[in-house]
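**Student:** Build me a model:
(2 chains)
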There are 2 protein chains.
Amino acid sequence: MMRERRIRVFAPATIANLGAGFDVLGIAIDQPGDVVVAERRAEPGLFFCVRTRHPDVPTAADKNVAAYVATLMLEEFHPPFGVKLTLEKRMPISSGLGSSAASSVAAVVAVNALLPGPIHRKDLLRFAMEGERKASGSAHADNAAPSLLGGACLVRRYDPLDVISIPTKQSIVWAVVHPHISIRTEDARNILPKAITLQTAVRQWGNISGLTVGLASGDAALVGRCVEDAVAEPVRGNLIPAFHEVKEAALRAGANGCSISGSGPSMFAVTSSIRMAHRVARAMKSVFAVSAGIDSDIYVSRINRTGADISWVKST
Amino acid sequence: MMRERRIRVFAPATIANLGAGFDVLGIAIDQPGDVVVAERRAEPGLFFCVRTRHPDVPTAADKNVAAYVATLMLEEFHPPFGVKLTLEKRMPISSGLGSSAASSVAAVVAVNALLPGPIHRKDLLRFAMEGERKASGSAHADNAAPSLLGGACLVRRYDPLDVISIPTKQSIVWAVVHPHISIRTEDARNILPKAITLQTAVRQWGNISGLTVGLASGDAALVGRCVEDAVAEPVRGNLIPAFHEVKEAALRAGANGCSISGSGPSMFAVTSSIRMAHRVARAMKSVFAVSAGIDSDIYVSRINRTGADISWVKST
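**Tutor:** Numbers count the residues shown, from 1 in each chain, chains lettered A, B, ... in the order given. Okay, here's the model as predicted:
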């Protein structure tokens, strides 16, 4: 009889874009995240179930990205067993925190660990990116790469795929606030300008270079002033109720910088201590509540360098 | 009687833009460079002379940037003495190697060293930038900052001025070839597009972030593929005879990447050893000669971390 194995994988949320790093940068944070438990089954094929408190999460295997990417992997590697995949969908969808990427990443890492000959983690990215394509119509890697690999990732090119790990120091603490509204990635993408002035572009790439230096040196002041985004934030900010007040509150509470996480509605702020990050996050949450009547969740984290974490393996 | 002092300052050439770092990045190299000798004189005012083998260099004090920035400093700090300034103008003008910046930087560092209360080196940048304004109509700092401070400099913003030193490792060797033609910075600027597609901009800032990581880690392969410039090179390359053949020759000879230095006509290539840099530079020089009938000079250098160098001080 086949040896059964159960794998539990936690894949973390991510802050993509980081302001000036629009479409190319992302970092992993400690919480929230999604969990997938995968188990070998004698019967071939995928058996999929979802546990979640979020009513919008698709539970059918043909609609859910975790099941979708797991199926892609089984079709490519056709192992001599089936897989039972249980998604603990903890993250809300359309949050701006890489919810779909976390599900996809957790699924591919879990399925891979069950395979007789697992592939390298970096090579799993293309499967997770297919999950992103299913979720938003575009196979982006700026959430999937950091969720999979941890740390700060630069997605420099897609063809061929060129993902670069940016060295980081842990002195920066990120305050993340997720207001309970949802913005579809596709909608947030459609409002972007098709062209920008050279002047704006130069300003943006001055910022992303500074951001890269600041992440590497752990300089919260430098990162804070470099998250300035002259391209997406001016239009996407309009999709987030009380955006400007929330940002102002973050800066007034002591944040070094503040912008939109991914395509929103979550927002992040750059701070230099856990205490400061909590203060900033509370200030942001309070403005969402008072100015927009929206409840929100708070997460405070340094950069998560682990990425997808195989936390529990049981062989019988 | 006043104590006389003579100061000799060498200010190095610079590679601005580095491809993807258009308008914001620059590095200093060891050679070529300009030299200024400054000397206290009892009579007030500036006494200026130029030694050069380049016939295009302005020798009149009101036309030469070195005299211009020295005068600005004397007007601001009005020391109780005059200054005799001798510019050894070694670099040709309109070379793409920061010739005007080197003259300005050498002059401000020399004059500053004569002052009773010299100011910090970083604070000299604004004077050198005025020299750039005089030379090209625009007070750029992407040559002046690295020539003054050494290393790799990011000029993130002008208002307020925000210049960031990018950490560097010395494993990259730069091959620089200066063909004997001249391109006016102003002309090279006027042909740039006023706007670019968001897609091109994203590609460029993916490259500059990777370039920043690569400079910090000394990764010639990464820097080489990230110097790719989708904005200025496609138009400015047309101003350089045999540009595409020279670039191809550099890559074929083993360079990791190749682009235009500043606004040209000099070109630089990224390599991982002195030997390789010489091979690449010779290949480039040969194509300039054969395909375009243009003679050229070769410089091979790691990043110069010293910047403007006070090499000789004599008190009497």
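
**Student:** Just give the number of residues close to A:A60.
**Tutor:** 9 (other C-beta atoms under 10 Å in any protein chain shown). Heads up, the C-betas are built off the backbone N, CA and C, glycines and all.

**Student:** Just give me the neighbour total for A:G26.
**Tutor:** Residue neighbour count, defined by other C-beta under 10 Å, stands at 31 for A:G26.

**Student:** Flag every residue of the stretch 201-316 of chain A that's near chain B.
**Tutor:** Taking C-beta under 8 Å from any C-beta of the partner chain as the test, the list of the stretch 201-316 of chain A residues beside chain B reads A:201-213, A:216-217, A:222, A:225-226, A:231.

**Student:** Let me fix that, I meant to ask about the stretch 1-150 of chain A.
**Tutor:** When proximity is defined by C-beta under 8 Å from any C-beta, the stretch 1-150 of chain A lies next to chain B at A:20-25.

**Student:** Mind doing that once more with 6 Å?
**Tutor:** Remark: the part of the stretch 1-150 of chain A in contact with chain B comprises A:23-24, using C-beta under 6 Å from any C-beta of the partner chain.

**Student:** residue of the stretch 1-150 of chain A with the smallest distance to chain B?
**Tutor:** With distances taken as C-beta to the nearest C-beta, the stretch 1-150 of chain A approaches chain B most closely at A:V24, which sits 4.3 Å away.

**Student:** And the pLDDT at the residue lying closest to that residue once chain neighbours are set aside?
**Tutor:** Counting by C-beta to C-beta, 6 or more residues apart in numbering or on different chains, the nearest residue to A:V24 once its immediate chain neighbours are dropped is B:G206, at 4.3 Å. Among the per-residue scores, B:G206 shows a pLDDT of 97.

**Student:** Surely B:G206 is in contact with A:D23?
**Tutor:** No: under the contact definition of C-beta atoms under 6 Å, B:G206 does not touch A:D23, with a separation of 7.9 Å.

**Student:** and these two? which has more neighbours close in?
**Tutor:** Regarding B:G206 and A:D23, a neighbour count based on other C-beta under 10 Å identifies B:G206 as having more, with 27 against 23.

**Student:** On the secondary structure side, give me the element for A:H278.
**Tutor:** When elements are defined using DSSP states H and E, A:H278 is found to belong to helix A:274-292.

**Student:** now for that helix, which elements pack on it?
**Tutor:** Packed against helix A:274-292 by the contact rule (3 or more C-beta pairs under 6 Å, 6 or more residues apart in numbering or on different chains; DSSP states H and E) you find strand A:173-179, helix A:243-252, strand A:267-271, strand A:296-301.

**Student:** sorry, back to before: go over the secondary structure and confirm the residue nearest to A:V24 is in a helix.
**Tutor:** Yes: under DSSP: H, G, I helix; E, B strand; the rest coil, B:G206 sits within a helix.

**Student:** Now do the same for the residue in the stretch 51-200 of chain A that chain B sits nearest to: helix, strand or coil?
**Tutor:** With distances taken as C-beta to the nearest C-beta, the stretch 51-200 of chain A approaches chain B most closely at A:R156, which sits 4.2 Å away. Classification of A:R156 by three-state DSSP places it in strand.

**Student:** How many residues are close by it?
**Tutor:** Here the count is done by other C-beta under 10 Å, and A:R156 has 23 residues near it.

**Student:** And for A:P160?
**Tutor:** 5.

**Student:** Distance of it relative to A:T71?
**Tutor:** Between A:P160 and A:T71 the distance is 25 Å, computed by C-beta to C-beta, to the nearest Å.

**Student:** Please, which helix or strand holds A:G117?
**Tutor:** Using DSSP H and E, A:G117 falls within no helix or strand.

**Student:** Check which helix or strand A:S171 maps to.
**Tutor:** Remark: A:S171 resides in no helix or strand, with elements defined by DSSP H and E.

**Student:** what residue ranges in the stretch 1-150 of chain A score low on pLDDT?
**Tutor:** With pLDDT under 70 as the threshold, the stretch 1-150 of chain A has low-confidence stretches at A:1-4.

**Student:** just the helices in it please.
**Tutor:** Defined through DSSP state H, counting those that start in this stretch, the helices belonging to the stretch 1-150 of chain A, from first to last, are A:65-77, A:99-114, A:125-136, A:144-149.

**Student:** Redo those as TSV? Include mean neighbour count.
**Tutor:** Rendered in TSV, the data for these read as follows (neighbours: other C-beta atoms under 10 Å in any protein chain shown):
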stretch	mean neighbour count
helix A:65-77	21
helix A:99-114	30
helix A:125-136	22
helix A:144-149	32
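
**Student:** can those go into CSV with extra columns for distance to B:M267?
**Tutor:** Output for these, formatted as CSV (distance: least, C-beta to C-beta, whole Å):
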stretch, distance to B:M267
helix A:65-77, 44
helix A:99-114, 41
helix A:125-136, 35
helix A:144-149, 33
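
**Student:** so who does A:R252 touch?
**Tutor:** Taking C-beta atoms under 6 Å, 6 or more residues apart in numbering or on different chains as the criterion, A:R252 is in contact with no other residue.

**Student:** what's the answer for A:S273, then?
**Tutor:** Taking C-beta under 6 Å, 6+ apart, one finds A:V173 in contact with A:S273.

**Student:** mind giving me the domain split of chain A?
**Tutor:** Annotated domains of chain A cover A:5-165+A:304-315, A:173-301 [automatic domain parsing].

**Student:** closest to B:P193 out of the ones you listed?
**Tutor:** With C-beta to C-beta as the criterion, B:P193 lies closest to domain A:173-301 of the domains of chain A, at 6.1 Å.

**Student:** Could you tell me the end-to-end distance of that closest one?
**Tutor:** The separation between the terminal residues of domain A:173-301, taken as C-alpha to C-alpha, to the nearest Å, is 6 Å.

**Student:** thought A:G151 was touching A:T306?
**Tutor:** No: here A:G151 lies out of contact with A:T306, judged by C-beta under 6 Å, at a distance of 8.7 Å.

**Student:** Which one's more surrounded, those two?
**Tutor:** A:G151 (19 against 14).

**Student:** Could you report the distance from that one to B:W174?
**Tutor:** 29 Å.

**Student:** And for A:A289?
**Tutor:** When C-beta to C-beta is applied, the distance between A:A289 and B:W174 equals 55 Å.

**Student:** And the two? Which one has more around it.
**Tutor:** Between A:A289 and B:W174, counted using other C-beta under 10 Å, B:W174 has the larger neighbour count: 26 against 14.

**Student:** looking at it, that one is touching B:V300, isn't it?
**Tutor:** No: with contacts counted by C-beta under 6 Å, B:W174 stays clear of B:V300, the gap being 7.2 Å.
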